[in-house]
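Peer 1: with the sequence up front, the predicted model follows.
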Amino acid sequence: MSLLMSETATEAEAKPEISVMRPPIDMAWDAIAEQLVSSFGYSPEEVAEYNSSVEDSKETLMDLYKAMTLARGFENACNQQYMQGKIRGFMHLDNGQESIPALVDYAIKKGDKKYSYYREHTHAIASGVDSGAVMAELFMKEGGTCKGAGGSMHIFDKETYFQGGWALVSEQLPYAAGAAKSILMDRELGMSDDESFQKQDVAPPADDDRISVVFIGEGGSQNGRMAEILNAASKDNLPLLIIVIDNGRAINTFTPDIAQNSNVFDQGKHYGIPGLLVDGLNTEDVAKGGKAVIDYIRSGKGAAILQVHTYRFNGHSPADPEHERGRKDEKSWARAEQDPIKAFEAKYLANGVFTEDELKDARKEILADVKAAVKFADESPMPPVELAKELEYPDVPDTDYNNKIAPAFADAVNARNISPEQMAVVKAHIEQLQEKAKNGDISIGDAINLAIHEEMLRDPTTTIHAEDLQAGSSYDIPKLTQQTYGKIRAADEIIDEGHFIGKALGEAMNGYRPIVELMNTNFGIYGMAEISSAGNTYATTGGQFDMPMTIIGAGGTAPNQALGAEHSQPFHAYVMGIPGLKICTAASPDAAYGITKSMIRDNGPCFLFAPVKMMKESKGAVDLGKCMPLNKSKLLHEASQASVDAGNAVTVLTYLHGVKESLASIDAITEEGFDIDLIELRSLKPLDMDTIAKSLSRTNKLCILDESTKSGGVGATISAAVSEELFDLLDAPVKRLCMDDAPVPYASSMEEAVVKRGSDLIEGVFDICTGKH
């Protein structure tokens, strides 16, 4: 009696007598061929060649079978190990959808960039990632692809350009677009990856046909990011393949219950992006049609969509209940009637291409590989506890960025891509700003712009994204960038911060150093998912992927700024809880310039907040060419020794507009017989506790003028840290002068009740020194 792989994967079930909620499409090859002719411009002869290249090649068919068998066998093993408690957390299995990894194995190359979602085990293995390393990652072992830091939903492998494994639904879409953009930048700038995946001054080969591939479910395809990625792919002619895995279930919900149109392959028509629908039951057709779509993209014609109609045999996750309408009946029916392995075996045994012994030998070979993967995972050690902290930042907090060496190829790349006329204009612009900096007449916005130009010339892998970029945005931060470096490095973006932060993330994973300018930092709320993932990526990937992305923008809440609640939110406080970010503030041109340069050189994600109401009015001198530390505060005013001896000195911590308010209050404070150590918190994370401790050892009193809310604000974090670490230095409770939890009103009469200012600081210093705290 023959024991087929498909029967070892699931229990053999009799065909159930049920009414199927989602009928099969029963699509013959002729229907796929017609689409390739009408939508992709292939001739009938070319389509016939795609057909024969699979059907007439026993080797190709065997490779497809082995890829499916490996996918099924690996997922079955995962399920067994999960039930034994060796795999923990959430796990999402791919049984029933094996035609997709078979296509990946057949038509996707090692150098292609691959972005998947949380159901990615089989995609990774089909991309060439070692199955033992994938299993070890699920076992949370050091031998895993990410040293046990990622887990089932976060498989990454730098060598095969398998770049996730992303757990937030649809977040991978803009990342894949950014990766596709990086391919175009490689070609235009004449750069490529060296053996250590760093950019080198060697152009890609003339036949470079790399693409970016993104996997997404048809439920996730209803997300607004889909429209954004189609727009970007069309505008930039991105080499991007969108594989839509259409199993009819958005998690467990029947997708037509929540989506009006499940024909995702048609979504690109308005953007000039063709799509192809194939039947995932017929693996050979998926391979033929998929290869034709992929070749269309490789030829330089732009992006395309491949929708694979399939059925998932398992629930969303073993940890989730399956109580959605019709789900259990559908699974039973699909296992019996829509199994791509069963269909493949039946077809090619019946037509004599394979014998049962040949397929049996193939299954035996593959199952031995799966067994070896489990054994490798079992025997791998657990990662050391110290690794968690080591993976916090790619560059340690006390890095001296002045010592970072510029790429040796900068001049050569610039000469190829910036015309002499453009170079003359930007150098004149830089010289003008440098003269202002020397004379103490440069603004914060111009200081950041100067730092950006210096760094973009110093390192041609530096890119920039912004809204209104051509016009210089609101504060001239990206001024003259597109005019100098072209659209390829300086991208004007659609009005969705999440989209272009996401594209920047994809660029950063592929050797570039993107800068993202937010016109107002509060607009970053649209990009919280992408900012969060930027912070997590270095650690989640086990240190494989740096994330050299810099986000810069004007924000904060000045007294009487009259911008209303939405433009006055403390976004700096919102992002402080995101691991892996370095977060700084700059209330002067000198700080803005030096911190910007350091952040661009840092190999991790950094966020610089500048004061929205001081971007043009605050002017000063700049220490040209100098990078500033990203982990240090700045003592701006030191209390007199006499006030310290009298017990009338207070340490004041503040940032952004609070710096201006505090400096303006010093005379009034000293007139009352008190004084302050005024410390600008240029680094919110990591927090400079050494500078705070040094000041408190003199004053023993702490007042925080805080530009965030009482609940969950910056001051709350600092106050807790001081109470835990420096309590013995305090002679009085910490005085927090923070924004009220109420939204910031527009009217100045009401706004005074919410936003703290210099007058509150004067009163606060008096209270804490006189015991009225």
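Peer 2: Happy to help now that I have it.
Peer 1: and Ile525, how many residues sit next to it?
Peer 2: Ile525 is flanked by 15 other residues according to other CB atoms under 10 Å. No exception for glycine: its C-beta is placed from N, CA and C like everyone else's.
Peer 1: where does it land in three-state SS?
Peer 2: helix (DSSP: H, G, I helix; E, B strand; the rest coil).
Peer 1: right, and it touches Gln569 too?
Peer 2: Yes: when contacts are counted by CB atoms under 8 Å, Ile525 is listed as touching Gln569 (7.4 Å).
Peer 1: give me phi/psi at Gly190?
Peer 2: phi 80, psi 40 (degrees, to the nearest 10).
Peer 1: for it, give me its contacts.
Peer 2: By CB atoms under 8 Å, 6 or more residues apart in numbering, Gly190 lies in contact with Asp201, Val202, Ala203, Val413, Arg416, Asn417.
Peer 1: spatially nearest residue to the last one (excluding sequence neighbours)?
Peer 2: On the basis of CB to CB, 6 or more residues apart in numbering, the spatially nearest residue to Asn417 that is not a chain neighbour turns out to be Leu189, at 5.8 Å.
Peer 1: separation between that neighbour and Pro460?
Peer 2: Applying CB to CB, to the nearest Å, one obtains 6 Å for the distance of Leu189 from Pro460.
Peer 1: between these two, which is the more surrounded one?
Peer 2: Between Leu189 and Pro460, counting by other CB under 10 Å, Pro460 is the more crowded of the two (28 against 24).
Peer 1: are we agreed that the more buried one is in a helix?
Peer 2: No: in this structure, Pro460 is coil, not part of a helix, as judged by three-state DSSP.
Peer 1: packing partners for the helix or strand harbouring Met226?
Peer 2: Take DSSP states H and E as the rule and Met226 turns out to sit in helix 224-236. Helices and strands touching helix 224-236, as assessed by 3 or more CB pairs under 8 Å, 6 or more residues apart in numbering; DSSP states H and E, comprise helix 172-189, strand 240-246, helix 497-508.
Peer 1: so in that sheet, which strands flank whatever helix or strand comes next after the longest one, and in what orientation?
Peer 2: If I follow you right, that is helix 172-189. Helices and strands here follow DSSP H and E; after helix 172-189, the next one along the chain is strand 192-193. As defined by DSSP bridges, the strand partners of strand 192-193 come to strand 199-200 (antiparallel).
Peer 1: what's the strand it pairs with in contact with?
Peer 2: Counting by CB under 8 Å, 6+ apart, residues outside strand 199-200 touching it are Met191, Ser192, Asp193, Asp194, Pro407, Phe409, Thr461, Gly511, Tyr512.
Peer 1: what's the PyMOL line that selects buried ones from those?
Peer 2: Command for PyMOL, covering only those of the contacts of strand 199-200 found buried under the criterion 16 or more other CB atoms under 10 Å:
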select buried, resi 191+192+193+407+409+461+511+512
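Peer 1: restricting to C-alpha, output stretch 756-769 in CSV.
Peer 2: Taking only C-alpha atoms (Å, rounded to 0.1, in the frame of the first residue of the first chain), the coordinates of stretch 756-769 have been written out as CSV:
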residue,chain,number,x,y,z
LYS,A,756,3.9,75.1,31.8
ARG,A,757,6.3,78.0,31.2
GLY,A,758,8.9,80.2,32.8
SER,A,759,6.6,81.7,35.4
ASP,A,760,5.8,78.3,36.6
LEU,A,761,9.5,77.5,36.9
ILE,A,762,10.1,80.6,39.0
GLU,A,763,7.3,79.6,41.3
GLY,A,764,8.5,76.0,41.4
VAL,A,765,12.1,77.0,42.4
PHE,A,766,10.7,79.2,45.1
ASP,A,767,8.4,76.5,46.5
ILE,A,768,11.1,73.8,46.6
CYS,A,769,13.6,76.0,48.2
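Peer 1: chain center to it: distance?
Peer 2: On the basis of CA atoms, centre = their mean, to the nearest Å, the separation between the geometric centre of stretch 756-769 and that of its chain is 42 Å.
Peer 1: tell me the buried residues in that stretch?
Peer 2: With burial defined by 16+ other CB under 10 Å, the residues of stretch 756-769 counted as buried are Lys756, Arg757, Gly758, Asp760, Leu761, Ile762, Gly764, Val765, Phe766, Ile768, Cys769.
Peer 1: what sits closest to the residue located most distally from the centre of the chain if chain neighbours are left out?
Peer 2: Relative to the centre of the chain, and counting by CA atoms, centre = their mean, the farthest-placed residue is Ala646 at 52.6 Å. With sequence-adjacent residues excluded and distances taken as CB to CB, 6+ apart, Ala646 is closest to Gly673, at 7.8 Å.
Peer 1: can you give me the helices for the stretch 201-350 of the chain?
Peer 2: Using DSSP state H, counting those that start in this stretch, the helices of the stretch 201-350 of the chain run over residues 224-236, 283-296, 327-337, 340-350.
Peer 1: pLDDT on the last one, on average?
Peer 2: Which is helix 340-350. Averaged across helix 340-350, pLDDT comes to 98.
Peer 1: tilt between it and helix 327-337?
Peer 2: Angle of helix 340-350 versus helix 327-337, following axes from the mean of the first three to the mean of the last three CA atoms, to 10 degrees, is 20 degrees.
Peer 1: overlap in contacts, Leu189 and Pro460.
Peer 2: With contacts taken as CB under 8 Å, 6+ apart, the residues that reach both Leu189 and Pro460 are Val413, Asn417, Arg489.
Peer 1: by neighbour count, which of the residues you listed wins?
Peer 2: For the shared contacts of Leu189 and Pro460, the largest neighbour count, defined by other CB under 10 Å, is 24 neighbours, found at Arg489.
Peer 1: these two touch, right, that residue and Asp459?
Peer 2: No: contact status for Arg489 versus Asp459: not in contact, 10.9 Å apart, counting by CB under 8 Å.
Peer 1: low pLDDT regions in the stretch 551-700 of the chain?
Peer 2: Per-residue confidence of the stretch 551-700 of the chain (counting by pLDDT under 70) places no residue in a weak region.
Peer 1: try the stretch 51-200 of the chain
Peer 2: In the stretch 51-200 of the chain, no residues with pLDDT under 70.
Peer 1: and the angle for the longest helix along the chain with helix 283-296?
Peer 2: In terms of residue count, the longest helix belonging to the chain (DSSP state H) is helix 58-83. Taking the same axes, to 10 degrees, one finds that helix 58-83 is oriented at 100 degrees with respect to helix 283-296.
Peer 1: tell me which helix or strand comes right after helix 58-83.
Peer 2: helix 99-107.
Peer 1: run through who's touching the helix or strand following that following helix.
Peer 2: Downstream of helix 99-107, the first helix or strand assigned by DSSP H and E is strand 113-115. With contact meaning CB under 8 Å, 6+ apart, strand 113-115 is reached by 104, 108, 123-124, 127, 160-164, 166, 172, 175-176, 179-180, 182-183, 210-215, 506, 510.
Peer 1: what helix or strand is Ile477 on?
Peer 2: When secondary structure is defined by DSSP H and E, Ile477 falls outside every helix and strand.
Peer 1: identify the residues contacting it.
Peer 2: Contacts for Ile477 were tallied using CB under 8 Å, 6+ apart; they are Gly445, Ile448, Asn449, Ile452, Ala466, Glu517, Ile552.
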